[in-house]
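Undergrad: Model the following, please.
(2 chains)
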Amino acid sequence: MMLVKVMFYILAAIALGSALYVAAAKNLVRSVFMFFVTLFALAGLYVLALADFVAVTQIVIYVGGILVLILFAFMLSGRETLEVLQQQKGKFISLSKLPAVLLALMFFVVMFVALRQVNINDADWVKTAVAEGNIMKPDTVLVESIGVNLMTRYLLPFEAISILLLFALVGAAHLSRKEPQA
Amino acid sequence: MIGLNEFLLLSAALFCIGLYIVVAKRNAIQILIGVELMLNAAILNLVAFGKYDKINNGGQVFALFAIVLAAAVTAVALAIILNVYRQYKTIDPSKINKLGD
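TA: The predicted structure follows:
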């Protein structure tokens, strides 16, 4: 029990720190590679939330697919993309970033206060789930029930999302083809 | 186990960092990274809530759907960014202020 808490706080610190580095980094490629670290830490947090299948999917799709795609975009878009960022030198927080910092901080304060006031552990559906024993234990085997639910209860969203993925595939292929110069 | 409050607080913090990246950065690819960070914060919330739904697995199944949607978003957005770069020779969104033709 104690070890789980320690793991959670370590992973949370890694995720937050690397996300802050992504936000602050001057070097674009370095910030993309730090985003790898954020995604891995988030996958670890999913495991701690008892969602191991989602964690594996996160690693396969995000780290294996999306980040490689982003790196490809860098390589294809040429040197000037990288130079844009290295031109803006200055302090850690320059004056032009101040509105964005204020916006993010104030939004965080709003959510923090809301969380403090609501106390989600007293919500009705959480109490119902705990009372009915509808709550995951660390030794629950999930993959099987996820598979069954995906093919029965969530079949319509599953099909909708596969059609949407097909649309996105065709659209991306159409957008990135070479224009015939005419 | 770890309570819901810790997860919600962490995901709020991640969401705010993503919001900062989206607002402050002047590079379309970094803005895309900020959007991904915000999506990940939302997925963390879904997964944390999914712990209280052992029978239907609602939270985790929709977390999977959100990950797939994020992949589709990235593919299309990067194709658009590459096209924009080909046309304007920059991907700073504040400098892209003309129509295509």
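Undergrad: after the helix or strand of chain A with the lowest mean pLDDT comes which helix or strand?
TA: Least confident helix or strand of chain A, by mean pLDDT, DSSP states H and E, is helix A:79-87 with a mean of 58. Moving toward the C-terminus from helix A:79-87, the next helix or strand (DSSP states H and E) is helix A:98-118.
Undergrad: Next one: the helix or strand just after that next one, is it in contact with chain B?
TA: Scanning forward in sequence from helix A:98-118 by DSSP H and E, the next helix or strand is helix A:124-132. Yes - residues of helix A:124-132 contacting chain B under C-beta under 8 Å from any C-beta of the partner chain: A:125-126, A:129-130. (Each C-beta comes from the backbone N, C-alpha and C, glycine too.)
Undergrad: can you give me how far helix A:124-132 is from the chain middle?
TA: Distance, stretch centre to chain centre, for helix A:124-132: 28 Å (C-alpha atoms, centre = their mean, to the nearest Å).
Undergrad: and it, average pLDDT?
TA: In this model, helix A:124-132 has a mean pLDDT of 82.
Undergrad: number of nearby residues for residue B:83?
TA: 15 (other C-beta atoms under 10 Å in any protein chain shown).
Undergrad: nope, residue B:24 is what I meant
TA: Based on other C-beta under 10 Å, the number of other residues close to residue B:24 is 22.
Undergrad: count of neighbours near the residue nearest to it when sequence neighbours are not counted?
TA: Leaving aside its chain neighbours, residue B:24 sits nearest to residue A:100 (3.6 Å; criterion: C-beta to C-beta, 6 or more residues apart in numbering or on different chains). The number of residues packed near residue A:100 is 18, by other C-beta under 10 Å.
Undergrad: Stretch A:47-65: which residues count as buried?
TA: A:47-55, A:57-59, A:61-62 (16 or more other C-beta atoms under 10 Å in any protein chain shown).
Undergrad: show me which of the residues you listed neighbour chain B.
TA: Filtering those for proximity to chain B by C-beta under 8 Å from any C-beta leaves A:48-51, A:53-54, A:57-58, A:61-62.
Undergrad: Can you pull the poorly scored residue ranges out of chain A?
TA: Applying pLDDT under 70 to chain A picks out residues A:77-94, A:179-182.
Undergrad: residue nearest the centroid of it?
TA: Of all residues in chain A, the one closest to the mean position by C-alpha atoms, centre = their mean is residue A:39, 6.3 Å from it.
Undergrad: contacting residues for the closest residue in space to that residue that isn't next to it in sequence?
TA: Nearest residue to residue A:39 in three dimensions, chain neighbours excluded: residue A:62, at 4.9 Å (C-beta to C-beta, 6+ apart). Counting by C-beta atoms under 8 Å, 6 or more residues apart in numbering or on different chains, residue A:62 touches A:39, B:36, B:40, B:67, B:70-71.
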